[in-house]
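Trainee: after the sequence you'll find the predicted model.
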Amino acid sequence: MTHVKIAVFPVAGLGTRFLPATKSVPKEMLPLVDRPLIEYAVEEAREAGIEEFLFITSAGKTALEDHFDASPELERRLSNAGKADQLAAIRRSALPAGSHSFIRQDSPRGLGHAVGLARRIVGNRPFAVLLPDDVIRAPQGCLAQMVDAHARTGGHLVAAMEVATADVSSYGILDVASETGRVAHARGLVEKPSPEDAPSRLAVVGRYILDPVVFDRVATQRLGAGGEIQLTDAITADAGNLPVSGFRFEGQRYDCGSVAGFLKANIAFALDRPGLQPELSDALDMIGSLRMRHAA
């Protein structure tokens, strides 16, 4: 049994990098192969033992609510048509009644603000935060790995990976004091530092397990980088009072908040599908041959 039972999914962003596709479709509903991005994050949470799901949304995101509801009429039609595989797929995507809720963020005021809106429902419990833009392909889900580690570390635990020096200004970066196996014990986090000021190259990825004391911090947090309430600042403010750690997860992370990262993820996940792999491999070989011809 896991000690972390509730997860928060901040999904209020506008997805401007994917316009015009996201003009009427939430970014989180864009298909990664044949399932929406958000479903991968929810499935990862379920694998980790999460039982309650809280989505921080914004206007125009009702498709998310519809996706996780039961679809009796569609299920009936698929059943009558004998489409067992499709029926099983949509039943897997539905969340149990009463297990999920939605809170609307009135304006984009930062990840810290979005997480703070979860306080009333989370209460005085440790909780997970998953950013659906970060899709992690791993033999065991990233959050499940973190739950195991958090049972030993307590406090605030963030997923972390090494990035190139040139990329540190795009991430929250850990100020590492020491390391024990996959756990990096940190003095705190620095949001989007310049390469010359970065305390390390160990970057925060969109998975967190947080102590509920973080709600006190985000409630009084000053605006940080980008003029927003930064979750990294709130976590750092707790560093003197409880453990703050980074977890070097096993797996490959894809930044599906960018078009290039989203396309890479589609290729990688499609190649994992036995029914798609042969045809896709042939197509990739053909593209590679064409590029070589043009280069010559």
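Mentor: Thanks, I have it. Numbers count the residues shown, from 1 in each chain.

Trainee: what mean pLDDT does the top helix by length along the chain get?
Mentor: Longest helix of the chain, by residue count under DSSP state H: helix 277-295. Per-residue pLDDT over helix 277-295 has a mean of 79.

Trainee: by contact count, what packs against it?
Mentor: For helix 277-295, the elements it packs on are helix 259-271, judged by 3 or more CB pairs under 8 Å, 6 or more residues apart in numbering; DSSP states H and E. (Each C-beta comes from the backbone N, C-alpha and C, glycine too.)

Trainee: returning to what we had before: quick check: angle from the longest helix of the chain to helix 259-271?
Mentor: 140 degrees (axes from the mean of the first three to the mean of the last three CA atoms, to 10 degrees).

Trainee: quick one: distance of helix 277-295 to the chain centre.
Mentor: Distance of helix 277-295 from the chain centroid (CA atoms, centre = their mean, to the nearest Å) equals 31 Å.

Trainee: list the buried residues of that helix.
Mentor: Residues of helix 277-295 classed as buried under the neighbour-count rule (16 or more other CB atoms under 10 Å) do not occur.

Trainee: who touches it?
Mentor: Helix 277-295 is contacted from outside by 267, 270-271, using CB atoms under 8 Å, 6 or more residues apart in numbering.

Trainee: kindly recompute the last result at 6 Å.
Mentor: The contact list for helix 277-295 (CB atoms under 6 Å, 6 or more residues apart in numbering) reads 270-271.

Trainee: now stretch 10-20
Mentor: With contacts defined as CB under 6 Å, 6+ apart, stretch 10-20 is touched by 22, 27-28, 55-58, 105, 114.

Trainee: from these, which land in helices?
Mentor: Within the contacts of stretch 10-20, residues falling in helices by DSSP H are residue 114.

Trainee: let me have the contacts of stretch 10-20 in CSV, extended by pLDDT and neighbour count.
Mentor: Below are those laid out as CSV (pLDDT from 0 to 100; neighbours: other CB atoms under 10 Å):
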residue, pLDDT, neighbour count
22, 89, 18
27, 92, 24
28, 93, 26
55, 96, 24
56, 94, 22
57, 91, 21
58, 88, 17
105, 87, 20
114, 93, 26
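
Trainee: what's the closest non-adjacent residue to residue 129?
Mentor: Counting by CB to CB, 6 or more residues apart in numbering, residue 129 lies nearest to residue 208, which is 4.1 Å off, once chain neighbours are set aside.

Trainee: then that neighbour would be within a helix, right?
Mentor: No - using DSSP: H, G, I helix; E, B strand; the rest coil, the assignment for residue 208 is strand, not a helix.

Trainee: give me the beta-bridge partners of it?
Mentor: In this entry, residue 208 is beta-bridged to residue 129, residue 158, by DSSP bridges.

Trainee: how much space separates it from residue 76?
Mentor: Look at residue 208 and residue 76: by CB to CB, to the nearest Å, they are 40 Å apart.

Trainee: higher neighbour count, the two?
Mentor: Between residue 208 and residue 76, counting by other CB atoms under 10 Å, residue 208 is the more crowded of the two (27 against 11).

Trainee: so that one touches residue 157, yeah?
Mentor: No - Residue 208 lies out of contact with residue 157 (CB atoms under 6 Å); the separation is 7.1 Å.

Trainee: what's in contact with stretch 106-124?
Mentor: For stretch 106-124, the surrounding residues in contact (CB under 6 Å, 6+ apart) are 6, 8, 10, 54, 56, 103, 105, 129, 212, 215, 218, 221, 228-231, 234.

Trainee: kindly recompute the last result at 7 Å.
Mentor: For stretch 106-124, contacts defined as CB atoms under 7 Å, 6 or more residues apart in numbering pick out 6, 8, 10, 12, 54, 56, 101, 103, 105, 129, 212, 215, 218-219, 221, 228-231, 233-234.
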